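Visitor: sequence and predicted structure are below.
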Amino acid sequence: MSLLTMRPVRSRTDRRGALWQADWVLVLGVLALAFLGALLVWSATYQRTSLTDGHPRAYLFRHALNFAIGAVLAVGAAVTDHRRLRILAPLLYVASLVGLILVLVPGVGAVINGSRSWIQLPGMSVQPSEFAKLAVIVGMALLIAEKGETNHRENARTIDVAQAIAVAAIPVLLVMLQPDLGTVMVLGSIVFGIIAVSGVPKRWMLGLVTAAVLIATLAIQFNVLKEYQLARFTAFADPSQDPQGIGYNVNQARIAIGNGGVFGQGLFHGSQTQNAFVPEQHTDFVFTVAGEELGLIGAGAIIALFALILWRGLRIAVNARDAFDRLVATGIVCWFAFQAFENIGMTLGIMPVTGLPLPFVSYGGSSMFAGLLAVGLLQNIHLRTHEI
């Protein structure tokens, strides 16, 4: 049976009074990751006066504030009526496109670490590509689901899938222009996952993989990717070729994680971390703090928590009441799974460095807000499944 199969519609209850039915295992998993993230970000920044301006707990408080704001967004997404969510889906998609266009406008978008991915606002910066992940998920899910519901079909047709891919292609192209290779890879995993459960023939999967390889080849041929991005892939293949240059981050990350052993050197006592040998350690390379200071036990706990979150997300997807909910949940799971694997993998040297944060753990407001909004959508789908 296709994952697009519809379920009988049951009467709705007041969602605000049914929060006790939330998936609390998922909630606790996310809370645990955010708590560990706060400690790791604190440890990575409290001695770096160039970041904190002499306030050792500055990033701890900011990380906690980001989580608090994100939690409010998550609750709002969880209790919003399902019909309203479907109405808001196109608005979210259009808003994300506007944001992705604005970052490309000189004077509006800010270049950080080689990519024009941020919009600078007073006291903060916003990364629209983080919210584009959600926009692609709900946009594709809405199009495929409504086509199936209108025509009473269990499986998506070729034309439906083609239109859904077109919906995803626009933000993907805009993100490539920044360029932000990591986010493009995440968006690709989302598209592949949603299409995989839409009920299309298997040849579509082969076609998507072939298209991805072709697009990557053309991007290299026409210099869409920057030289430093290509160098990261070269360093991934052989980090020792330029240990003081492009391979520096990976080599230092490996050293930090190797220093931790089984039990770690202790929070705030990691030699690589406290001496600032690993760049971007409070954001992209935060997993190295866990590896060095909490050891295999602490790093393994983070991986286990991600496995728990992905399990609950898949469970929500399988039990979802309709195609839209099921596709949204699937897209979110693909997002979290690939991004966590890529981030942890690049610190271990088994994946290229792409600048992706570790969801709920790395410091970053846009990443935290988008991730918790996605968790709120998962809870919304879960609550709807249990409506009586």
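Guide: Nice, thanks for sending it over.
Visitor: for the helix or strand harbouring Ile316, packing partners?
Guide: Secondary structure assigned from DSSP states H and E places Ile316 in helix 295-319. For helix 295-319, the packing partners by 3 or more CB pairs under 8 Å, 6 or more residues apart in numbering; DSSP states H and E come out as helix 24-45, helix 248-260, helix 323-348, helix 365-385. All C-beta atoms are positioned from the backbone trio N, CA, C, and that covers glycine.
Visitor: buried residues, the longest one. List them.
Guide: The one in question is helix 323-348. Neighbour counts using 16 or more other CB atoms under 10 Å place 323-347 of helix 323-348 among the buried residues.
Visitor: with stretch 159-167 instead?
Guide: For stretch 159-167, burial by neighbour count (16+ other CB under 10 Å) applies to Asp160, Val161, Ala164, Ile165, Val167.
Visitor: show me which of these is closest to Pro122.
Guide: Val167 (33.0 Å; CB to CB).
Visitor: just the pLDDT at that closest one, thanks.
Guide: Per-residue pLDDT puts Val167 at 92.
Visitor: next SSE after the lengthiest strand in the chain?
Guide: Taking DSSP state E as the criterion, the chain has its longest strand at strand 115-121. Where DSSP H and E defines the elements, the next helix or strand beyond strand 115-121 is strand 124-126.
Visitor: other SSEs contacting the helix or strand following that following strand?
Guide: Later in the chain than strand 124-126, the nearest helix or strand by DSSP H and E is helix 128-151. With contacts taken as 3+ CB pairs under 8 Å, 6+ apart, helix 128-151 sits against helix 82-102, strand 115-121, helix 158-176, helix 181-196, helix 323-348, helix 365-385.
Visitor: on that earlier part again, buried residues, the longest strand of the chain. List them.
Guide: Under the neighbour-count criterion of 16+ other CB under 10 Å, strand 115-121 has Ser115, Arg116, Ser117, Trp118, Ile119 buried.
Visitor: could you single out the nearest of these to Gly260?
Guide: For the buried residues of strand 115-121, the residue nearest Gly260 by CB to CB is Ser115; the value is 30.2 Å.
Visitor: surely that closest one touches Leu177?
Guide: No: judged on CB atoms under 8 Å, Ser115 makes no contact with Leu177 at a distance of 10.0 Å.
Visitor: shared neighbours, those two?
Guide: Common neighbours of Ser115 and Leu177, counting by CB atoms under 8 Å, 6 or more residues apart in numbering, are absent.
Visitor: show the model's pLDDT score for Val9.
Guide: On the pLDDT scale, Val9 is placed at 41.
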